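Peer 1: Predicted structure and sequence below. I'll ask about it afterward.
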Amino acid sequence: MLYELIPSISLRTIYSLITAFFILLALGPWVISRLQEKRIGQNVREEGVKAHLEKKGIPTMGGIMIVVSVFVATGFWGRPTSSVLLVLLTFLWMGFIGFLDDFLKTVRGKSAGLSARQKLGMQTGFSLIAALWIFDQSHIQKTLFVPGLNQSFELGYWYILLVVLTVVGSSNAVNLTDGLDGLASGVMFIVIGCMGIVAYLAGNAIYSRHLAIPHVLEGGELTIFCFAIVGACLGFLWFNAKPASVFMGDTGSLALGGSLGMVAVLVKAEIFLVIVGGIFVIEALSVMIQVGSYRLRGKRVFKMAPIHHHFELLGWPETKVVIRFWIVTLVLALLGMSLLGINGRFF
């Protein structure tokens, strides 16, 4: 196996990124043409942003390319530890839910696929089973780590709830962010790249001790998976940058978000994810605030939710919204990474 020939995690991480990138570039033209032949195109809500009506019919379900490239790259370069297998299983299951949703949208010719209850039930059911399995593993700490304070808090059985909320919440937050050309994939490669760095540091006994962060057995191997996603997202941006030739659909966004949440759980970085993935959090909160306000007061807080549409309706060009959200993510990434060294002796 390649992990035996090349034991260095750093080298295998680089090769995983490059492999995923080129697999996606190779798959792109063929998959896009097949989606066009099958007429698997984007359905746009009539009540949505009017400028998006021109996107109707653009191939969707392009997340299949992301799933394939990440799975192959991780399988090729990664060591099949229990943590890696769990993250891959999460990635595939959430991608399957997204595929069903996209497929039903295509068959029905509408912007609605699985119902919210069906989607949430399938996500929660899997996350609960995964949480119970994690809770039974003696080598995984059942704690909540707070970066900056560099303290861990025992949660007991509440840890199961934390796992479910992190995985389901992350999956849906990324899904809600996927609404503009290049937005979700651009934000995602920054966030998952930071998570990969945390996984690498947490998996190394020396680095984790210097940084005063939890040492995570098998954490280093998750770096391979994280940077496979970085490579896949960069490759996908090749086709998804405005004007997009293809959209990832729920197939890609649910897979990316769910696996991001699972990695955060396994490397004790749930709060770190909230900071670095602040754009995902804001997008999800904007929908919750909008729905809650309308139901309670009959009034909307934003012109439209998720919040990226609010800025569009304020007159921001789509490209400006996307790039500014990338910039905010980069700043949050720097903030999150800085917290790792506050009480440590590494930086």
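Peer 2: Perfect, I can see it now. Numbering: from 1, shown residues only.
Peer 1: chain center to stretch 75-84: distance?
Peer 2: Averaging C-alpha positions (C-alpha atoms, centre = their mean, to the nearest Å) puts stretch 75-84 19 Å from its chain's average.
Peer 1: which stretches of the stretch 1-150 of the chain have low pLDDT?
Peer 2: Within the stretch 1-150 of the chain, the segments meeting pLDDT under 70 span 1, 41-55, 108-112.
Peer 1: which stretches of it form strands?
Peer 2: Under the criterion DSSP state E, counting those that start in this stretch, the stretch 1-150 of the chain contains strands at 143-146.
Peer 1: could you pull out the helices for it?
Peer 2: Taking DSSP state H, counting those that start in this stretch as the criterion, the stretch 1-150 of the chain carries its helices at 2-5, 9-37, 63-77, 82-108, 116-135.
Peer 1: Ser286: which of the ones you listed is closest?
Peer 2: helix 116-135 (16.7 Å; C-beta to C-beta). Glycine gets a C-beta too; all of them are placed from N, C-alpha and C.
Peer 1: Now do the buried residues in the helix or strand containing Leu334.
Peer 2: In this structure, Leu334 sits in helix 318-339 according to DSSP states H and E. For helix 318-339, a neighbour-count test (16 or more other C-beta atoms under 10 Å) marks 318, 321-322, 325-326, 329, 332-333, 336-337, 339 as buried.
Peer 1: Mind putting these into TSV with distance to Leu100?
Peer 2: What follows is the buried residues of helix 318-339, written out as TSV (distance: C-beta to C-beta, whole Å):
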residue	distance to Leu100
Glu318	28
Val321	29
Val322	28
Phe325	28
Trp326	30
Thr329	29
Leu332	32
Ala333	32
Gly336	33
Met337	36
Leu339	38
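Peer 1: ok, of the residues you listed, which one's closest to Asn175?
Peer 2: Distance ranking of these against Asn175, using C-beta to C-beta, places Phe325 first at 15.5 Å.
Peer 1: Which residue, other than its chain neighbours, is closest to the closest one?
Peer 2: Take Phe325 and drop its neighbours on the chain: the residue closest to it by C-beta to C-beta, 6 or more residues apart in numbering is Ile279, 5.4 Å away.
Peer 1: what comes into contact with the helix holding Leu334?
Peer 2: 51, 147-148, 180-183, 186-187, 190-191, 193-194, 197, 242, 272, 275-279, 308, 311-312, 316 (C-beta atoms under 8 Å, 6 or more residues apart in numbering).
Peer 1: Just the C-alpha atoms of it, please, in CSV.
Peer 2: The C-alpha coordinates for helix 318-339 follow below in CSV (Å, rounded to 0.1, in the frame of the first residue of the first chain):
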residue,chain,number,x,y,z
GLU,A,318,-22.8,38.2,-7.6
THR,A,319,-19.0,38.1,-8.1
LYS,A,320,-18.6,40.8,-5.4
VAL,A,321,-20.7,38.8,-2.9
VAL,A,322,-18.6,35.7,-3.5
ILE,A,323,-15.2,37.3,-3.3
ARG,A,324,-16.2,39.3,-0.2
PHE,A,325,-17.4,36.1,1.5
TRP,A,326,-14.1,34.5,0.6
ILE,A,327,-12.2,37.4,2.1
VAL,A,328,-14.2,37.2,5.3
THR,A,329,-13.5,33.4,5.5
LEU,A,330,-9.7,34.0,5.1
VAL,A,331,-9.8,36.5,8.0
LEU,A,332,-11.8,34.1,10.1
ALA,A,333,-9.3,31.4,9.2
LEU,A,334,-6.4,33.5,10.4
LEU,A,335,-8.3,34.3,13.6
GLY,A,336,-9.1,30.6,14.2
MET,A,337,-5.5,29.5,13.6
SER,A,338,-4.2,32.3,15.9
LEU,A,339,-6.3,30.9,18.8
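Peer 1: Report the rounded mean pLDDT for that helix.
Peer 2: Helix 318-339 carries an average pLDDT of 96.
Peer 1: before we move on, back to that, which of the buried residues of helix 318-339 lies closest to Met94?
Peer 2: Thr329 (21.2 Å).
Peer 1: burial of the nearest residue to Ser10 once chain neighbours are set aside, as a residue count?
Peer 2: Once flanking residues are discounted, Ser10 sits nearest to Tyr200: 7.9 Å by C-beta to C-beta, 6+ apart. By the measure other C-beta atoms under 10 Å, the count of residues near Tyr200 is 23.
Peer 1: Likewise for Thr90?
Peer 2: 25.
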